[in-house]
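K.L.:
sequence and predicted structure are below.
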Amino acid sequence: MTDHKNMRKKTLKLRSSTWFSGKDKMGFVHRSWLRNQGHPDHMFDGRPVIGICNTWSELTPCNGHLRDFADIVKKGVYEAGGFPLEFPVMSLGETIMKPTTMLWRNLVSMDVEETIRGNPLDGVVLLTGCDKTTPSTLMGAASVDLPTIVVPGGPMLNGKWKGNNVGSGTLVWQLSEEIKKKSISVEDLNQAEICSSRSAGHCMTMGTASSMATMVEALGLTLPGASAIPAVDSRKKVLAHLSGNRIVEMVKEDIKMSKILTREAFENSIMINAAVGGSTNHVIHLLAVARRVGVELDLMDFDDLGSKMPLLLNLMPSGDYLMEDYFYAGGLPVIIKEMDDQLHSNALTVNGKSIGDNCESAICYNNKVISKYEKPFQETAGIVVLQGNLCSDGAVIKPSAASEKLMQHKGKAVVFESIEEYHRLIDDPMLEIDENSVMVLKNVGPVAYPGMAEVGNMDLPKKLIKKGITDMLRISDGRMSGTAYGTVVLHISPEAAIGGTLGLVENGDIIELDVPKKRLHLHVSDQDLNSRRKTYVSQATKKTRGYVRMYVEHVEQAHLGCDFDYLKGSSGQEVSRDSH
Ligand code: FES
């Protein structure tokens, strides 16, 4: 045995040695069956075993390239002296799964957590992409707390239609209005559909997937610059290879997730999400991750730290450009360098250096895409947390994607008791609604839907779109796609179905939004609300069996991150008793 190997055995106490080092019956069992895949003897010599958690699936188009990426990561792991073992987990395809991928985010997190803990792994690489595939795997891995690195799958190349850039998701919302106005043809729509998804990768707007990739880089869980690299750029493959190298070193240096996921890292993520015009879904997912690692974080932190942040990135849906342009402009390291005075620059990242050190030499190559901190695209961009009698546990709005003129607005409620009722009534010519009305959608929250669907950005009524109306105040207990825009109040907590005041709103009630004062108020007296409450019938989903039953019985409200009440905290990496 070489000195190098002797040294490794002396200094490392690997979790995997519990499985592989024994010269007894169980050592035989653990090694022998794995050998049927052709692993040579030296793979069991005490080297770090790296799990590659793959969210690849043909049913998750945004992650369709990750099957190949796992092989690239493996090359990096082998090269650094590790033993890579890939494992699949349930994958969540945002555009395909019904009723909403959010219903299974917690299930995937449990899949990831238990798979890591139950197996001989010393470190983990998470291959992620589409919206929920990032927070779900992160939550699961955080609950075990091994050294972990994330390889975000990367955005698609810019959509190109009729010579213009078109952004995935954002284009859909725009075309939906054009079709209602009859200003485009069905053939146009077909061409737009073909042109907007040109390559492997996830949505190339600053939607939820890009926001989640930004989140993991901001938290320090990726190598520098990882989030903006397009999926098909050769540098994404280099990133995957280097991440395979690095995770082996992280195991040797014992850089567990909890060393990186500090309160400072979460604060950085909040500020950075604001500066890039990130998704409102960031709030829910970041809260859930924080609760897994025991970092105190609450909804008001997003307002305190994010709401005054300027917008430094000019990307759809808040701006004009797309992720590919952002990568060429320098990517997230430029933003981090610009925010040096605001961020916790000394926060640790997976490469063992601070986030500030990683980004100090970043250069901006296009200031139409990334602005200087002193000359932002908007003065304030972050998510604002609203309070009031309609949302006693809070609600959120994303001002950078909303209309300035609706930031202070008072109007009559037009109530939809469910998404089905909305679809049935919205284009009824007899519906009493005008541009000053407030569209109220109930029963799309975590318990009611179930899963808190992305339906909060309701399309406007056809008759108002034809009049040239482009935005109205909309409120709900649901979420909206990160690619969407409009003056949309989301995540009202508590949701209607569990007794929130939202459930008591009636047609014609006056609702007032005041974003500068951070207030959402229903102008109905407490006395009247109390009498309405006596006759209120909840529309909470009732299921007698299966995962959905577990979900509706245990999911927490939006202001807590929509995790299961029993998943708060972590169960650690302890190796359990033997199976045979
Ligand atoms: Fe997968 Fe947008 S649908 S990232």
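P.N.:
Sure thing, it's come through.

K.L.:
what is the burial count for R263?
P.N.:
When counting by other Cβ atoms under 10 Å, one arrives at 15 neighbours for R263. (Glycine included, C-beta is placed from N, CA and C.)

K.L.:
what about the closest residue to it other than its chain neighbours, neighbour count?
P.N.:
Distance criterion Cβ to Cβ, 6 or more residues apart in numbering; nearest residue to R263, sequence neighbours excluded, is V295 at 5.2 Å. By other Cβ under 10 Å, 19 other residues sit near V295.

K.L.:
surely V295 is within a strand?
P.N.:
No: V295: not assigned to a strand; according to DSSP: H, G, I helix; E, B strand; the rest coil it is coil.

K.L.:
which SSE is immediately downstream of the longest helix anywhere in the chain?
P.N.:
Counting residues, the longest helix found in the chain (DSSP state H) is helix 234-253. Sequence order places helix 257-260 as the next helix or strand after helix 234-253, per DSSP states H and E.

K.L.:
the residue nearest to R263 and S258 touch, don't they?
P.N.:
No: V295 is not in contact with S258 according to Cβ atoms under 8 Å; the separation is 9.1 Å.

K.L.:
which SSE is M480 in?
P.N.:
Per DSSP H and E, there is no helix or strand for M480.

K.L.:
ditto for E432
P.N.:
Here E432 is assigned to no helix or strand, by DSSP H and E.

K.L.:
measure it to L121 for me?
P.N.:
60 Å (Cβ to Cβ, to the nearest Å).

K.L.:
quick one on the thing from earlier: let's see the longest helix of the chain as PDB, backbone CA atoms only.
P.N.:
The C-alpha trace of helix 234-253 is given here as PDB (Å, rounded to 0.1, in the frame of the first residue of the first chain):
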ATOM      1  CA  SER A 234     -19.400  22.800 -23.100                       C
ATOM      2  CA  ARG A 235     -18.600  24.800 -20.000                       C
ATOM      3  CA  LYS A 236     -21.500  23.100 -18.200                       C
ATOM      4  CA  LYS A 237     -19.900  19.800 -18.800                       C
ATOM      5  CA  VAL A 238     -16.600  21.200 -17.400                       C
ATOM      6  CA  LEU A 239     -18.600  22.300 -14.300                       C
ATOM      7  CA  ALA A 240     -20.000  18.800 -13.900                       C
ATOM      8  CA  HIS A 241     -16.600  17.300 -14.200                       C
ATOM      9  CA  LEU A 242     -15.000  19.700 -11.700                       C
ATOM     10  CA  SER A 243     -17.900  19.200  -9.300                       C
ATOM     11  CA  GLY A 244     -17.100  15.500  -9.400                       C
ATOM     12  CA  ASN A 245     -13.500  16.300  -8.500                       C
ATOM     13  CA  ARG A 246     -14.500  18.700  -5.800                       C
ATOM     14  CA  ILE A 247     -17.000  16.500  -3.900                       C
ATOM     15  CA  VAL A 248     -14.200  14.000  -3.200                       C
ATOM     16  CA  GLU A 249     -12.100  16.800  -1.700                       C
ATOM     17  CA  MET A 250     -15.100  18.100   0.300                       C
ATOM     18  CA  VAL A 251     -15.400  14.700   1.900                       C
ATOM     19  CA  LYS A 252     -11.800  14.700   2.900                       C
ATOM     20  CA  GLU A 253     -12.100  18.200   4.200                       C
END
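
K.L.:
so stretch 50-63, near the ligand or not?
P.N.:
Yes: interface with the ligand: stretch 50-63 contributes C62 (Cβ under 6 Å from any ligand atom).

K.L.:
from the chain's centroid, how far away is that stretch?
P.N.:
16 Å (Cα atoms, centre = their mean, to the nearest Å).

K.L.:
max-length strand in the protein?
P.N.:
Scanning the chain for the longest strand, with DSSP state E as the assignment, gives strand 408-416.

K.L.:
what about that one, average pLDDT?
P.N.:
Across strand 408-416, pLDDT averages out at 98.
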